[in-house]
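S.K.: no sequence on this one, just coordinates:
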């Protein structure tokens, strides 16, 4: 068991060490590749985080603008409603005045007719 190493043992040892070097080299290459991917992922996450922050700001501004426009439309609709109600009231008053004028004309005609009949007698 602890005897002198033979050339075959030495050759086997070199093959095993070469295999370990190759495996170690593959492992180091794989770790470097993974580290590169992690760095790229970190950069991409930073870019995506900035893009999300930018888009969130844009969406916030759009929501605020939409809210302001909604308030303006609501105010305009309220004004239009009041205006239409006032127009309706004005239209009713005008019709009442027209009716009163027609009654006045009719009563004036009757009065003039009665006066003329009285004068003729």
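M.R.: Arrived safely, thanks for sending. Note that the coordinates shown come from a computational prediction; the quantities given were computed from them, not determined experimentally.
S.K.: Determine the number of other residues adjacent to residue 48.
M.R.: Residues contacting residue 48 under the criterion other C-beta atoms under 10 Å number 10. Placement of C-beta: from N, CA and C, glycine included.
S.K.: Quickly find the element holding it.
M.R.: helix 7-120 (DSSP states H and E).
S.K.: Show me what the mean pLDDT comes to for stretch 35-49.
M.R.: Stretch 35-49 shows an average pLDDT of 94 in the prediction.
S.K.: can you check stretch 94-106 too?
M.R.: Mean predicted lDDT for stretch 94-106 stands at 96.
S.K.: Stretch 52-60 now?
M.R.: pLDDT averaged over stretch 52-60 gives 97.
S.K.: Residue 83 and residue 27, how far apart?
M.R.: Between residue 83 and residue 27 the computed distance is 81 Å (C-beta to C-beta, to the nearest Å).
S.K.: what's the answer for residue 74, then?
M.R.: The separation that residue 74 has from residue 27, given C-beta to C-beta, amounts to 68 Å.
S.K.: hang on, the earlier thing: ok now the helix holding residue 48, how far from the chain's centre?
M.R.: 3 Å (C-alpha atoms, centre = their mean, to the nearest Å).
S.K.: swap in stretch 109-121?
M.R.: With C-alpha atoms, centre = their mean, you get 78 Å for stretch 109-121.
S.K.: which residues sit against that stretch?
M.R.: Stretch 109-121 is contacted by no other residue when judged by C-beta atoms under 8 Å, 6 or more residues apart in numbering.
S.K.: and residue 70, how many residues sit next to it?
M.R.: Neighbours of residue 70 (other C-beta under 10 Å): 10.
S.K.: And for the one 3 residues further on?
M.R.: The local packing count at residue 73 equals 10, with neighbours defined by other C-beta under 10 Å.
S.K.: Good, we can wrap up now.
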